[in-house]
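Student: The sequence and its predicted three-dimensional model are supplied below.
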Amino acid sequence: MRAYPLADTALARRIEGAAVVDRIGYAEAAHQNGVFPAARTLRIGGGVATWLSVGNVVNGSVGLGMSGPVAVEEVDRLVEFFESRGALPTLDICPHADSSLLSALQRRGFALSDFEGVLYQPLPTPRQPRPAPGVRVSVARTQAERSTWADLAARGFSDDKPTAADRALSTSISTRADAIHLIGYLDGQPAGTGMLYLADGVADFSGDSTLPVMRNRGVQSAILAERLRIASRAGCDLAVIGASPGGTSQRNQERAGFRIAYTRATLIRSP
């Protein structure tokens, strides 16, 4: 039986630190590829705030309060960063963050909006199961494959009803040179996506989507297993993934060996 590291503050700092670098990667790619040329980041409170465009789902903050106290003045800077760009100030808060952060957010009118489970497992993993019949997974390396990845991600995340904004975001994400993009195929047809980013021994998994007509056929399980293999071969010692608490994705992740590390809380400041 594998030994899992304790889900303590030290582990949380590693995970949140990787999330900060990953979030910066989204913004830098969006700015450089020209899809969201006004994309910006703000390093603050030990974490980072990112803004890509008005109404973008990637807008937000992560990692604040993980390295020490956060002053009210820093929260004011955060609020100005978002509100000056027409966005609601939003933060994903780790429960291991310094208590001063919650106090400062309460004083500035932030309210709880949502939760996200953060799951982890040690690497390398045991031998991964073979894909389900008809399923295979490959890394998207060429420009054409990255375009396919972008199309699949936009359609999978929107129940196959992507808007122009959905396609713009997936296109921007597909150009990230610092990430590994994977495509899952079902009976030879592109069916789903996944992505991983490697930072300081942590493999951060994201970008999970499957076309509605191809769900429940083992595509995501195969993509998850392949990412674990890639991360293990790369020498990472920790894999991390997020999920809505209690949902199908979390159940699939736990079957693949992930355990809950903690639950992030999303806080938003309304006008």
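Tutor: Good, I have the coordinates.
Student: Identify all contacting residues around the worst-scoring helix or strand of the chain on mean pLDDT.
Tutor: Lowest mean confidence among the helices and strands of the chain (mean pLDDT, DSSP states H and E): helix 248-255, at a mean of 92. With contacts defined as Cβ atoms under 8 Å, 6 or more residues apart in numbering, helix 248-255 is touched by 117, 119, 208, 220, 221, 224, 241, 243, 244. C-beta coordinates here come from the backbone N, C-alpha and C atoms, glycine included.
Student: Can you list the strands that the helix or strand following that helix pairs with?
Tutor: Remark: after helix 248-255, the chain's next helix or strand is strand 259-269, criterion DSSP states H and E. With DSSP bridges as the test, strand 259-269 is paired with strand 90-93 (antiparallel), strand 110-122 (antiparallel).
Student: Buried ones among the contacts of helix 248-255?
Tutor: Neighbour counting with 16 or more other Cβ atoms under 10 Å marks 117, 119, 208, 220, 221, 224, 241, 243 as buried within the contacts of helix 248-255.
Student: and which of the residues you listed is nearest residue 149?
Tutor: Residue 149 lies nearest to residue 208 out of these, by Cβ to Cβ, at 12.2 Å.
Student: Please identify the helix or strand for residue 149.
Tutor: helix 143-157.
Student: elements contacting that helix?
Tutor: helix 164-174, strand 180-186, strand 189-199, strand 202-210 (3 or more Cβ pairs under 8 Å, 6 or more residues apart in numbering; DSSP states H and E).
Student: between the second one and helix 164-174, how big is the angle?
Tutor: Relative orientation of strand 180-186 and helix 164-174, computed by axes from the mean of the first three to the mean of the last three Cα atoms, to 10 degrees: 120 degrees.
Student: Show me the two of the buried ones among the contacts of helix 248-255 that sit farthest apart.
Tutor: 117 and 221, at 18.0 Å, using Cβ to Cβ across these.
Student: Report whether the expected contact of residue 4 with residue 125 is present.
Tutor: No - shown here, residue 4 and residue 125 do not form a contact pair, counting by Cβ atoms under 8 Å, at 11.8 Å.
Student: Can you tell me which of the contacts of helix 248-255 is nearest residue 11?
Tutor: When those are compared against residue 11 (criterion: Cβ to Cβ), the nearest one is residue 119, at 11.8 Å.
Student: For this protein, give me the ranges with low pLDDT.
Tutor: 1 (pLDDT under 70).
Student: how does it divide into domains?
Tutor: Domain assignment of the chain by automatic domain parsing yields the ranges 9-117, 124-236.
Student: Is it possible to get JSON lines of these that adds distance to residue 249?
Tutor: Formatted as JSON lines, these follow (distance: least, Cβ to Cβ, whole Å):
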{"stretch": "domain 9-117", "distance to residue 249": "9"}
{"stretch": "domain 124-236", "distance to residue 249": "7"}
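Student: contacting residues around residue 56?
Tutor: 36, 165, 169.
Student: could I get the residues you listed as CSV with neighbour count and distance to residue 73?
Tutor: What follows is these, written out as CSV (neighbours: other Cβ atoms under 10 Å; distance: Cβ to Cβ, whole Å):
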residue, neighbour count, distance to residue 73
36, 21, 28
165, 15, 33
169, 25, 32
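Student: can you redo those as CSV with distance to residue 266?
Tutor: Shown next, in CSV, are those (distance: Cβ to Cβ, whole Å):
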residue, distance to residue 266
36, 21
165, 20
169, 18
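Student: Just the closest of the residues you listed to residue 44, please.
Tutor: Using Cβ to Cβ, the contacts of residue 56 come closest to residue 44 at residue 36, 20.2 Å.
Student: which ones are touching the closest one?
Tutor: 30, 52, 53, 56, 168, 172.
Student: quick one on the thing from earlier: in PDB, list the C-alpha atoms belonging to the helix holding residue 149.
Tutor: The C-alpha trace of helix 143-157 is given here as PDB (Å, rounded to 0.1, in the frame of the first residue of the first chain):
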ATOM      1  CA  GLN A 143      -0.900  22.500 -34.600                       C
ATOM      2  CA  ALA A 144      -3.700  20.500 -36.100                       C
ATOM      3  CA  GLU A 145      -4.000  18.300 -33.000                       C
ATOM      4  CA  ARG A 146      -4.000  21.400 -30.800                       C
ATOM      5  CA  SER A 147      -6.800  22.800 -32.900                       C
ATOM      6  CA  THR A 148      -8.700  19.500 -32.400                       C
ATOM      7  CA  TRP A 149      -8.100  19.800 -28.700                       C
ATOM      8  CA  ALA A 150      -9.500  23.300 -28.600                       C
ATOM      9  CA  ASP A 151     -12.600  22.300 -30.500                       C
ATOM     10  CA  LEU A 152     -13.200  19.300 -28.200                       C
ATOM     11  CA  ALA A 153     -12.600  21.300 -25.000                       C
ATOM     12  CA  ALA A 154     -15.000  24.000 -26.000                       C
ATOM     13  CA  ARG A 155     -17.700  21.500 -27.000                       C
ATOM     14  CA  GLY A 156     -17.200  19.200 -24.000                       C
ATOM     15  CA  PHE A 157     -17.300  22.000 -21.400                       C
END
